[in-house]
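**Student:** could you work out the structure for the sequence below:
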Amino acid sequence: MNSIVALTCLLLASVLAVSARPQDASTMLKNTLTLANFTRLVDDLVKFDLADSVSKAGPKTIFAPSNQAFREMMMHNRPMTNNTEIMPKLLRRSFVVNRRIMPDDITNEMVIDTISGDQLRFNIYNTTMTVNGVIMTKEPLVVNNDVVVYRINSVILSSFTKGQNLMVMLEANKDRFSMLIRCIQDTGLTETLTKDGPFTLFAPTNEAFRSLPTEVLARLMASPEEMKRVLTGHVTKGTYFLGALDSKDSGTDSVLPTLDGGSNKIMISGRTIKVDGAPVITSADNIMADNGVIHAISRVLMPN
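**Tutor:** As a prediction, this is how the structure comes out:
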């Protein structure tokens, strides 16, 4: 009998020891995110085998897409949402920072590295705050010794690395911007868009240049000085993202000063955004650079 009692006590002690064993970091993080209602993010961390890498030791800040953000992404980008190559890259590179970031730490145009070496830019527009153009909560939903979690209203699709300036990103999209690249080079603006900033570049596509009257385009191409005046009217100081401009409560000024001393009038109606009457091509929104952002527009903005 004594041996049975001893065996029972031993088994009970073993069970208690196992139950008291601290949870591993991955389980703790998944539980934290689940309790904060980021269930779809947790599902994807498990699905794409990312939980362990995200949970590595050390304090961290997570910019967590809401469940609604994933639902909207499924509606508009269904192939991407379930792509086993694209989605892990998006999640791994864009939303985890290896340090605690509290609201008072965030300043306008602040740039920080993620765990993958990509970079995030923060912008503050009166009542709205964005990270890489995606609207985020001003206060974290979770704060503890190990993790700080902010909710973001979309999966971050655009990020950048050091050295990817505006000219580099135009070259990466030269199938749409080859005429703009040539004009920038001919007018001597390359250095400005490479080294200065941050800027918002409202970039006319090739089609936008071709839609100019033939005689107007010919005159501009023959006059670098006049072309430079036109191009500087497409560059705004500061980084302005479509997500912030489209936010009803963003408080963003509707008139943004440009390098030529003029201004761009931003008009918003629902999901339609116009710059001086030229619609922004939303399929090309938020092309990130380390010194700003590029938005494609469908018309060359001619000075009055």
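**Student:** center of the protein, which residue is that?
**Tutor:** Closest residue to the average C-alpha location of the chain: N132 at 2.5 Å, with C-alpha atoms, centre = their mean.
**Student:** which regions of this protein sit below the pLDDT cut-off?
**Tutor:** For the chain, residues meeting the criterion pLDDT under 70 lie at 1-23, 57, 77-79, 81, 245-253, 270-271, 282-285.
**Student:** before we move on, the earlier item: wait, doesn't the residue nearest to the centre of the chain sit right on V155?
**Tutor:** No - with contact defined as C-beta atoms under 8 Å, N132 does not reach V155; the gap is 10.5 Å. All C-beta atoms are positioned from the backbone trio N, CA, C, and that covers glycine.
**Student:** any residues in contact with both of those two?
**Tutor:** S94 (C-beta atoms under 8 Å, 6 or more residues apart in numbering).
**Student:** which ones are touching the spatially closest residue to G133 that is not a sequence neighbour?
**Tutor:** Closest residue to G133 apart from its sequence neighbours, by C-beta to C-beta, 6 or more residues apart in numbering: F241 at 3.3 Å. Contact criterion C-beta under 8 Å, 6+ apart gives 123, 130, 132-133, 285-286, 293 as the residues in contact with F241.
**Student:** so who does the residue nearest to the centre of the chain touch?
**Tutor:** Contacts of N132 by C-beta under 8 Å, 6+ apart are 94, 120-121, 156, 158-159, 241, 286, 288.
**Student:** switch the cut-off to 10 Å
**Tutor:** Listed by C-beta atoms under 10 Å, 6 or more residues apart in numbering, the contact set of N132 reads 63, 94-95, 114, 118-123, 152, 154, 156-160, 239, 241, 243, 286, 288, 293.
**Student:** equivalent analysis for S55, please.
**Tutor:** Residues near S55 by C-beta under 10 Å, 6+ apart: 24-30, 32, 45, 96, 146-147.
**Student:** got a ChimeraX select line for the buried ones in those residues?
**Tutor:** Selecting the buried subset of the contacts of S55 in ChimeraX, with 16 or more other C-beta atoms under 10 Å as the burial test, is done by:
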select :25,26,29,30,32,45,96,147
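**Student:** could I get the contacts of S55 as TSV with distance to M74?
**Tutor:** What follows is the contacts of S55, written out as TSV (distance: C-beta to C-beta, whole Å):
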residue	distance to M74
D24	30
A25	29
S26	25
T27	27
M28	28
L29	24
K30	21
T32	24
L45	17
V96	22
D146	30
V147	26
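**Student:** how about the secondary structure of Y150?
**Tutor:** Under DSSP: H, G, I helix; E, B strand; the rest coil, the three-state class of Y150 is strand.
**Student:** isn't it right up against F63?
**Tutor:** Yes - between Y150 and F63 there is a contact under C-beta atoms under 10 Å: 5.3 Å.
**Student:** please enumerate the shared neighbours of the two.
**Tutor:** When contacts are counted by C-beta under 10 Å, 6+ apart, Y150 and F63 are jointly contacted by 95, 101, 131, 136-137, 140.
**Student:** quick one: which of the residues you listed is most hemmed in?
**Tutor:** F95 (27 neighbours; other C-beta atoms under 10 Å).
**Student:** and which of the shared contacts of Y150 and F63 is nearest to V216?
**Tutor:** V131 (40.0 Å; C-beta to C-beta).
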